[in-house]
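S.K.: Output the structure for:
(one chain, ligands or ions: 2)
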Amino acid sequence: MASKDQSCHLIIVIGAGPAGLAVVNNLSKAGHRVVVLNRDIKFGGLAEYGIFPNKHRLRGGLKKGYWDILNRENVDYFGNVTVGKHKDIMISDLNEIGASALVFATGAQGTKTIGVEGDNAMGVYHAKDVVYHYNLLPGFSQRPFDLGQRVAIIGIGDVMVDIAHWLIRYKKVKEVTAIARRGPAERKYNPKEIRAVCDNIDQEDLTQEFSRIRPRLEEVGQNADHLLSGMVEEMTKCEPAGSETKLRFRFLFSPRRVLTDPKNRVRGLELEDTKLEPKGEDFSAVGLKTYREFACDSVIFAVGDRVDETLGLPFKNGSFLTNPNRTQNEPDDALFQAYDNQTGRILEGVFLAGWARKASEGLVGVAKRDGDWCSEILNRFLAARAPLEPAGIEERLQKLRRLSTLPPILAFAEGLQNSFVEVIELI
Ligand SMILES: Cc1cc2nc3c(=O)[nH]c(=O)nc-3n(C[C@H](O)[C@H](O)[C@H](O)COP(=O)(O)OP(=O)(O)OC[C@H]3O[C@@H](n4cnc5c(N)ncnc54)[C@H](O)[C@@H]3O)c2cc1C
Ligand SMILES: NC(=O)c1ccc[n+]([C@@H]2O[C@H](COP(=O)([O-])OP(=O)(O)OC[C@H]3O[C@@H](n4cnc5c(N)ncnc54)[C@H](OP(=O)(O)O)[C@@H]3O)[C@@H](O)[C@H]2O)c1
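M.R.: Ligands and ions are numbered 1, 2, ... in the order given. Below is the predicted model of the structure:
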């Protein structure tokens with residue numbers, strides 16, 4: 001680790017989730033000065049506010065590692081700082097500071113909607129908000145979630161399982177139904193994760209559901225019996241049910257409309273039957289234009305997220321743009337370089353990592369690896385540039401501290417570690 005009186009580069013990392021902190025780890029180890037700006041007071045991103053609260057070992061292990069990284073002498077951490085248009089700091093402010101590089105590891109903070117009529121009704125929620133709520137992210141923890149007793153979750157990935165877990169074990173609602181536009185073979189949740197809720201699966205209903213969809217599975221050569229036994233085999237080692245909640249699945253249904261009562265409250269969903277159609281190695285869902293009503297009191301969309309375009313980076317179709325002109329390097333620099341399609345140029349010295357680069361993709365390990373790859377590319381980029389003298393770094397840090405828009409800083413690791421700990425303990 002280099003000391004503060006050596007010349008080195010200054011890197012500003014925006015976002016202190018697993019991807020951003022992997023970059024902080026590598027770049028600080030390489031001897032550079034690293035400043036972290038994070039929207040949340042606490043670091044960790046979804047490792048703090050996403051991973052299910054009862055995963056104490058995973059969360060504790062990650063937190064300890066992150067704490068060690070942020071405690072390094074050449075790392076400064078600012079919490080409670082949001083970067084973006086009309087936020088605490090704009091990207092143009094950061095550009096003026098003159099850091100050697102900016103790394104955006106802000107995750108996927110935008111909400112993905114699937115564009116169905118009625119999706120603004122009372123009782124419609126997006127998974128991220130629910131997850132932030134039960135993980136007590138300030139601003140979400142006190143928000144009311146009026147769910148009723150019959151909750152429909154759209155999507156059949158791990159986030160669906162986590163939310164079902166919360167509804168079953170903590171909210172103890174009567175029914176939770178996971179609705180998938182494709183079939184059981186295309187379920188995305190990890191078999192190990194289903195153990196948290198499998199005691200509550202309504203087995204009789206599951207068998208009936210397979211009978212209902214059997215012809216459409218067989219039409220594309222899928223064996224309904226094998227699929228059912230595969231799903232049931234995963235339902236071993238179930239954690240004991242903490243409630244009477246029934247967890248059910250509905251396959252081959254695509255939501256078309258949220259049905260509401262005269263007070264604009266959810267009373268159900270209009271679902272379109274779908275069939276599977278081969279698409280390369282996979283299958284896509286094709287609507288059959290036959291519809292039915294499904295009664296429920298609330299709907300939670302757990303269909304993945306997109307990046308937050310209000311950050312101010314060039315954006316298209318739910319993603320920030322990266323350089324389309326591939327390089328020969330491994331890992332490929334282009335994939336991590338922010339790109340402006342208006343000018344046809346990369347944003348020099350601006351990089352993306354983790355879910356900011358590929359929204360809602362993979363586990364903590366995947367985000368960390370993405371941060372590691374981004375660091376390799378950054379190291380290549382920095383090696384070709386003259387480092388900054390210590391005085392130049394201090395001058396730039398002063399500029400950052402003087403930014404008039406900077407909110408009260410709740411966490412600035414250098415020299416203020418004790419107050420940081422106190423702030424964290426108060427939350
Ligand atoms: C509900 C849920 C449960 C999960 N459970 C698991 C699990 O059990 N095991 C597992 O391995 N993986 C799990 N994952 C996946 C894992 O959390 C992600 O892979 C990983 O957190 C992505 O890391 P990231 O750093 O790219 O983004 P994030 O973790 O989202 O971090 C982004 C960071 O950027 C900050 N930020 C955002 N916008 C701004 C801004 N404008 N300005 C400044 N800072 C900003 C945020 O405060 C946050 O700290 C889960 C994901 C979800 C959604
Ligand atoms: N405990 C854990 O380890 C944990 C917990 C949470 C999240 N994670 C990770 O975080 C990542 C994101 O998870 P996720 O559950 O948000 O995403 P995901 O795994 O991609 O699942 C999203 C679900 O939404 C469905 N969906 C997407 N668009 C839809 C649309 N327009 N209409 C209807 N359904 C639609 C998908 O169906 P199709 O398949 O048909 O697209 C899929 O069933 C994953 O890598 C996951 O493993 C891990």
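
S.K.: rest of the way, CA atoms for contacts and neighbours
M.R.: Fine.

S.K.: how close does residue 361 sit to residue 12?
M.R.: 24 Å (CA to CA, to the nearest Å).

S.K.: the more surrounded of those two?
M.R.: residue 12 (24 against 15; other CA atoms under 10 Å).

S.K.: Assign the more buried one to helix, strand or coil.
M.R.: Classification of residue 12 by DSSP: H, G, I helix; E, B strand; the rest coil places it in strand.

S.K.: just residue 225 next, same as before
M.R.: Per three-state DSSP, residue 225 ends up helix.

S.K.: How about the one 4 residues further on?
M.R.: Using three-state DSSP, the structure places residue 229 in helix.

S.K.: The closest residue to ligand 1 within the stretch 201-350 of the chain: what's it in contact with?
M.R.: Distances between the stretch 201-350 of the chain and ligand 1 by CA to the nearest ligand atom are smallest at residue 311, namely 5.6 Å. Taking CA atoms under 8 Å, 6 or more residues apart in numbering, we find residue 311 in contact with 83, 84, 85, 90, 91.

S.K.: Would you mind measuring from the nearest residue to the last one once chain neighbours are set aside to ligand 2?
M.R.: What that stands for is residue 91. Take residue 91 and drop its neighbours on the chain: the residue closest to it by CA to CA, 6 or more residues apart in numbering is residue 84, 6.3 Å away. Distance of residue 84 to ligand 2, given as CA to the nearest ligand atom, to the nearest Å: 24 Å.

S.K.: Give me the neighbour count for residue 84.
M.R.: Residue 84: 18 surrounding residues under other CA under 10 Å.

S.K.: and what of the one 5 residues further on?
M.R.: Using other CA under 10 Å, residue 89 has 21 neighbouring residues.

S.K.: so it sits right up against residue 83, yeah?
M.R.: Yes: with contact defined as CA atoms under 8 Å, residue 89 reaches residue 83; the gap is 4.8 Å.

S.K.: residues in this structure within reach of ligand 1, list them.
M.R.: Proximity of the chain to ligand 1, by CA under 6 Å from any ligand atom, involves residues 14-20, 37-40, 43-47, 50-52, 81-84, 105-108, 131, 159, 311, 354-356, 362-365, 367.

S.K.: Pull out the buried residues from these.
M.R.: Burial by neighbour count, 16 or more other CA atoms under 10 Å: within the residues of the chain next to ligand 1 this picks out 14-20, 37-40, 43-47, 50-52, 81-84, 105-108, 131, 159, 311, 354-356, 364, 367.

S.K.: and the residues you listed, which of them are in helices?
M.R.: 18, 19, 20, 46, 47, 131, 159, 364, 367 (DSSP state H).

S.K.: Any chance of CSV for those, columns pLDDT?
M.R.: CSV is the format used below for those (pLDDT from 0 to 100):
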residue, pLDDT
18, 98
19, 98
20, 98
46, 98
47, 98
131, 98
159, 98
364, 98
367, 98
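
S.K.: mind putting those in JSON lines, distance to ligand 2 included?
M.R.: Compiled in JSON lines, those are given as follows (distance: CA to the nearest ligand atom, whole Å):
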{"residue": "18", "distance to ligand 2": "13"}
{"residue": "19", "distance to ligand 2": "14"}
{"residue": "20", "distance to ligand 2": "17"}
{"residue": "46", "distance to ligand 2": "9"}
{"residue": "47", "distance to ligand 2": "10"}
{"residue": "131", "distance to ligand 2": "9"}
{"residue": "159", "distance to ligand 2": "4"}
{"residue": "364", "distance to ligand 2": "8"}
{"residue": "367", "distance to ligand 2": "10"}
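
S.K.: closest to residue 208 among those?
M.R.: residue 159 (24.9 Å; CA to CA).

S.K.: Show me what the helix or strand residue 393 falls within is packed against.
M.R.: Element membership of residue 393, judged by DSSP states H and E, is helix 390-402. On a contact count with 3 or more CA pairs under 8 Å, 6 or more residues apart in numbering; DSSP states H and E, helix 390-402 meets helix 91-97.

S.K.: can you pull out the strands in the stretch 301-427 of the chain?
M.R.: Using DSSP state E, counting those that start in this stretch, the strands of the stretch 301-427 of the chain run over 305-306, 315-316, 319-320, 337-340, 345-352, 411-412.

S.K.: In its sheet, which strands sit next to the first one, and in what direction?
M.R.: Here the strand partners of strand 305-306, with direction, are listed using DSSP bridges: strand 110-111 (antiparallel).

S.K.: Equivalent analysis for the second one, please.
M.R.: In the sheet containing strand 315-316, the strands it pairs with under DSSP bridges are strand 319-320 (antiparallel).

S.K.: Now do the partner strand: distance to the chain's middle.
M.R.: Computed by CA atoms, centre = their mean, to the nearest Å, the chain-centroid distance of strand 319-320 equals 14 Å.

S.K.: do stretch 197-213 as well
M.R.: Worked out by CA atoms, centre = their mean, stretch 197-213 lies 29 Å from the chain centre.

S.K.: pull the CA atoms of the helix holding residue 393 into PDB?
M.R.: Extracted as PDB, the C-alpha positions of helix 390-402 are listed here (Å, rounded to 0.1, in the frame of the first residue of the first chain):
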ATOM      1  CA  PRO A 390       0.600  14.500  -3.500                       C
ATOM      2  CA  ALA A 391      -0.100  18.200  -3.500                       C
ATOM      3  CA  GLY A 392      -2.200  17.900  -6.700                       C
ATOM      4  CA  ILE A 393      -4.200  15.100  -5.100                       C
ATOM      5  CA  GLU A 394      -4.800  17.200  -1.900                       C
ATOM      6  CA  GLU A 395      -5.900  20.200  -4.100                       C
ATOM      7  CA  ARG A 396      -8.400  18.000  -5.900                       C
ATOM      8  CA  LEU A 397      -9.700  16.500  -2.600                       C
ATOM      9  CA  GLN A 398     -10.200  20.100  -1.300                       C
ATOM     10  CA  LYS A 399     -12.200  20.900  -4.400                       C
ATOM     11  CA  LEU A 400     -14.400  17.900  -3.700                       C
ATOM     12  CA  ARG A 401     -14.900  18.900   0.000                       C
ATOM     13  CA  ARG A 402     -15.700  22.500  -1.100                       C
END
